[in-house]
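Q: could you work out the structure for the sequence below:
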Amino acid sequence: MAEDRLRVFLSYSGKDKPVAERLRSDLAGEEIQVWDPQIALRPGESWAAPLMKGVEEADAVVVLVSSHTESSQWQASEIAYALSRNLKEGKTIIPVLLDTAAPLPFFLREIHAIDLSTNDSYQRNLPRLFQALRERHRNGTSEHSSKLLEMLIAERELLDSAKKQSARAKVLSIVSLASSVLGVLVSVFSTTTLAATGWRQIARDLPGPVLVAVVSGFAAVLAALLTSYFRTKLTRRIDDRELRES
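A: This is a model prediction of the structure:
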């Protein structure tokens, strides 16, 4: 079975099985693969997971609407999940009228339906159904490829941005650390200088804690100024390099 073969999920009430079998046969005759939950599921098998997988893997969901649709809980579940995929990823849903007097499910009323309610309308409109499915299949494949490419580009841009932000953070962290170390060295140097120069008298006049506080404050201010200066310079260099690379 070809990988690019058009796949359709066929949703219908069990009471409409004769018409569903006819449509399934006609779709198969057009090389359209039909996933029929009432055939695909084995007796005793849980229906939820296979049903969701069938809808997700289908290119389109064809919903047969008749007077039996409203009372079919099975079909209501299929329609509800198909609608959720329609909202999430644009899954194609095509309502097919088997009875023009039957009410369409509420959320399908905004979708254009195809009338196959009589033998004449079936013969006349079946080619339109084939055409709609094929067009959607072609467009859907193209849209999927475009979306995939957009996602890959966006992911690459996010990774590049994260790497740049990480590199910038590392550089600025090193600058802050270096400035702090420099501030400590200035503090030690200042204290030593005060003790060895003509500032001895000032050092003797000031209490020890006050002198230490003054020198430490001076060192802290100097470290902050140096950090701000080098951070600004490096940030500008990084921005200029990113601008040249973009």
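Q: show me the chain divided up by domain.
A: Domains of the chain are assigned by automatic domain parsing as 7-117, 154-245.
Q: weakest of those in terms of mean pLDDT?
A: Mean pLDDT per stretch puts domain 154-245 lowest among the domains of the chain, at a mean of 61.
Q: can you show me the helices along the protein?
A: 17-29, 37-40, 48-57, 73-89, 119-196, 200-205, 208-245 (DSSP state H).
Q: please report how far the nearest residue to Gln38 once chain neighbours are set aside lies from Pro95.
A: Leaving aside its chain neighbours, Gln38 sits nearest to Gly14 (6.5 Å; criterion: C-beta to C-beta, 6 or more residues apart in numbering). For every residue, glycine as well, the C-beta is placed using N, CA and C. Noted for Gly14: a distance of 18 Å to Pro95, by C-beta to C-beta, to the nearest Å.
Q: wait, what's in contact with Val62?
A: Val8, Phe9, Leu10, Ser11, Leu23, Ile94, Val96, Leu129, Leu133 (C-beta atoms under 8 Å, 6 or more residues apart in numbering).
Q: which one among those gets closest to Val65?
A: Val96 (6.6 Å; C-beta to C-beta).
Q: can you name the residues bridging to the closest one?
A: Leu64, Ile114 (DSSP bridges).
Q: ok, it - contacts?
A: Here Val96 is in contact with Leu23, Val62, Val63, Leu64, Val65, Ala113, Ile114, Leu116, Leu129 (C-beta under 8 Å, 6+ apart).
Q: count of residues packed around the third one?
A: It refers to Val63. Val63 has 24 neighbouring residues, counting by other C-beta atoms under 10 Å.
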